[in-house]
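> Starting from these lines, generate the structure:
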Amino acid sequence: MDDIYVGRQPIYNRKLEVVGYELLYRSSLDNQAQFLDGDQATGEVILNTFLELGLENIAGRYPAFINLSRSFLVGDKPLPFSHKRVVLEILEDTVPDATVIDALRRLVQAGYIIALDDFVYRPELEPLLELAHIVKLDVYGTASDVLAQRVAQLRPRKLRLLAEKVETHEEFERCKQLGFDYFQGYFFSKPNIMRGRSRPANRLALMTLLAELQHPDTDINKLEALVAQDAALTYRLLRYANSPCVAIRRKVESLRRALVIIGANTIKNWITLILFTRIDDKPRELVVTALVRARMCELLGAAQHHDGLDRFFTVGLLSAMDALMDQTMEEVLDGLPLVDEVKVALRSRDGKLGQVLEQVLLYEWGAWERLCQNLDCRLYRQAYLDAVRWAGESLPTLLGADADGAVTQPA
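Residues are numbered from 1 along each chain as shown. Next comes the predicted model:
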């Protein structure tokens with residue numbers, strides 16, 4: 001198991017009562033945020049908080065403030081939790097274009113509380129202010145008159161103001177006099193680092209599950225059997241089902257009950273986030289390639305009037321597993337509970353499944369002369385374009401956040 005870390009810094013009200021915790025990415029006990037990829041940092045914080053350490057252990061009964069990179073905000077990366085007890089922080093370098101504003105509007109309508117981090121007013125940020133509930137102002141090194149001007153500019157709006165990077169007692173008193181509602185900084189507390197152990201993800205089981213979950217008629221018995229193959233995933237889902245985020249009164253002790261409570265869509269969210277976040281040593285484009293192949297296999301199977309299209313999808317999805325796992329395809333297949341038809345297709349490209357997979361790979365490689373012997377070239381081209389578009393558009397749909405329950409704004 002690997003060590004995992006989450007930084008936690010308390011947020012206080014004017015009476016110096018804790019009203020929430022900002023959760024921060026940490027890669028070690030060194031109390032610094034050392035990362036190059038904002039998406040990776042956001043994903044790690046989400047996974048470590050909800051599935052590893054448990055939100056209840058990190059934030060107790062208080063809201064958790066989580067920084068979102070643009071990819072998580074607009075839906076390119078998974079945001080697999082509901083709005084219960086979470087405040088979403090929009091980073092200062094987020095460009096407020098139409099895509100971002102539309103995404104924020106959907107999140108607000110779903111009940112999420114939005115905070116603007118390190119905010120400095122510019123006219124083009126007006127759409128963000130109209131949707132935000134909390135605005136965080138960096139007070140460290142900001143001249144008193146400049147800070148007063150920024151507060152006066154925001155005070156007429158229905159917003160809560162949070163002073164961050166409060167370093168001294170004098171700064172705290174100054175911010176109180178200016179009318180700030182919340183306070184955060186080293187004067188109160190440096191971020192505490194919560195440490196735990198992460199159970200390694202079984203990529204094979206996750207990819208098989210992801211294939212199975214694409215289909216609305218997935219059988220609960222099969223889903224339970226697939227999840228049970230991965231002890232780490234079983235542990236995470238049971239922890240999540242028993243957490244305050246799900247808010248079930250009775251303790252959930254069985255995997256089947258957890259799956260019913262969480263639901264297939266939310267499980268898709270977590271599995272995809274684990275795949276995208278925990279494949280540290282492989283290009284994430286491998287997962288995208290697998291999704292494109294899966295959809296193109298499905299489309300070509302339909303065009304050739306085959307039945308059982310879910311198996312075509314599965315064959316395409318698993319066709320990249322040898323590269324993903326650094327194993328031969330034979331070694332990969334030994335660890336997967338697949339029917340013989342799927343194994344033969346992946347192993348030797350035989351059978352109707354294998355033939356379609358071969359066509360997809362030939363198109364991917366640019367071997368046009370061999371493709372046109374089977375179907376109209378335009379059909380291959382359209383299937384490929386549709387598959388690429390589906391891979392880009394389906395993830396935000398599959399990974400849409402739950403909208404159950406409610407989050408109460410910190411008071």
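> Name the helix or strand for the closest residue to Pro127 other than its chain neighbours, please.
Leaving aside its sequence neighbours, Pro127 sits nearest to Ile101 (CB to CB, 6 or more residues apart in numbering; 4.9 Å). In short, each C-beta sits where N, CA and C put it, glycine included. Applying DSSP states H and E as the criterion places Ile101 in helix 98-109.
> Tell me which other helices or strands that helix touches.
Contacts defined by 3 or more CB pairs under 8 Å, 6 or more residues apart in numbering; DSSP states H and E place helix 98-109 against helix 70-74, strand 113-116, helix 126-131.
> Quick one: the strands in the stretch 1-150 of the chain, in order.
2-13, 18-25, 64-68, 86-90, 113-116, 134-138 (DSSP state E, counting those that start in this stretch).
> Against which helices or strands is the shortest one packed?
Using 3+ CB pairs under 8 Å, 6+ apart as the contact criterion, the neighbours of strand 113-116 among helices and strands are strand 86-90, helix 98-109, helix 126-131, strand 134-138.
> which other residues reach the second one?
Read it as helix 98-109. For helix 98-109, the surrounding residues in contact (CB atoms under 8 Å, 6 or more residues apart in numbering) are 70, 73-75, 83, 88, 90, 94, 114, 127-128, 131, 401.
> hang on, the earlier thing: how about a markdown table for the helices and strands packed on strand 113-116, with mean neighbour count added?
Formatted as a markdown table, these follow (neighbours: other CB atoms under 10 Å):
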| stretch | mean neighbour count |
| --- | --- |
| strand 86-90 | 23 |
| helix 98-109 | 15 |
| helix 126-131 | 15 |
| strand 134-138 | 23 |
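> so which of the ones you listed gets nearest Ile261?
Closest to Ile261 of the helices and strands packed on strand 113-116, according to CB to CB: strand 86-90, at 18.8 Å.
> How about Tyr363, nearest residue that isn't a chain neighbour?
Once flanking residues are discounted, Tyr363 sits nearest to Tyr380: 5.1 Å by CB to CB, 6+ apart.
> For that neighbour, give me phi and psi.
phi -60, psi -50 (degrees, to the nearest 10).
> Then His305?
Per-residue torsions, His305: phi 60, psi 30 (degrees, to the nearest 10).
> what about it, how many neighbours?
Neighbour count of His305, defined by other CB atoms under 10 Å: 6.
> picking up where we left off before, so who does the residue nearest to Tyr363 touch?
300, 359, 363, 371.
> got those residues as TSV, with secondary structure columns?
TSV is the format used below for these (DSSP: H, G, I helix; E, B strand; the rest coil):
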residue	secondary structure
Leu300	helix
Gln359	helix
Tyr363	helix
Leu371	helix
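> farthest pair in the residues you listed?
Leu300 and Leu371, at 10.3 Å, using CB to CB across the contacts of Tyr380.
> quick one: Ser144 from Glu171, how far?
According to CB to CB, to the nearest Å, Ser144 stands 10 Å off from Glu171.
> Name the residue in the two with the higher neighbour count.
Glu171 (21 against 11).
> could you say which helix or strand contains that one?
Here Glu171 is assigned to helix 169-178, by DSSP H and E.
> How far does that helix sit from its chain's centre?
Helix 169-178 sits 37 Å away from the centroid of its parent chain (CA atoms, centre = their mean, to the nearest Å).
> Could you tell me how many residues sit around Pro156?
Counted with other CB under 10 Å, the neighbours of Pro156 add up to 7.
> no no, Leu24
Leu24 has 21 nearby residues by other CB under 10 Å.
> go on, Pro96?
18.
> do the same with Val339
Using other CB under 10 Å, Val339 has 11 other residues around it.
> Tell me which residues touch it, please.
By CB under 8 Å, 6+ apart, the contact list for Val339 reads Arg311.
> how close does it sit to Gly308?
Val339 is 10 Å from Gly308, by CB to CB.
> could I get the contacts of Tyr380 as CSV with distance to Trp390, neighbour count and pLDDT?
Listed next are these as CSV, based on distance: CB to CB, whole Å; neighbours: other CB atoms under 10 Å; pLDDT from 0 to 100:
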residue, distance to Trp390, neighbour count, pLDDT
Leu300, 13, 26, 92
Gln359, 17, 23, 90
Tyr363, 15, 21, 81
Leu371, 20, 20, 72
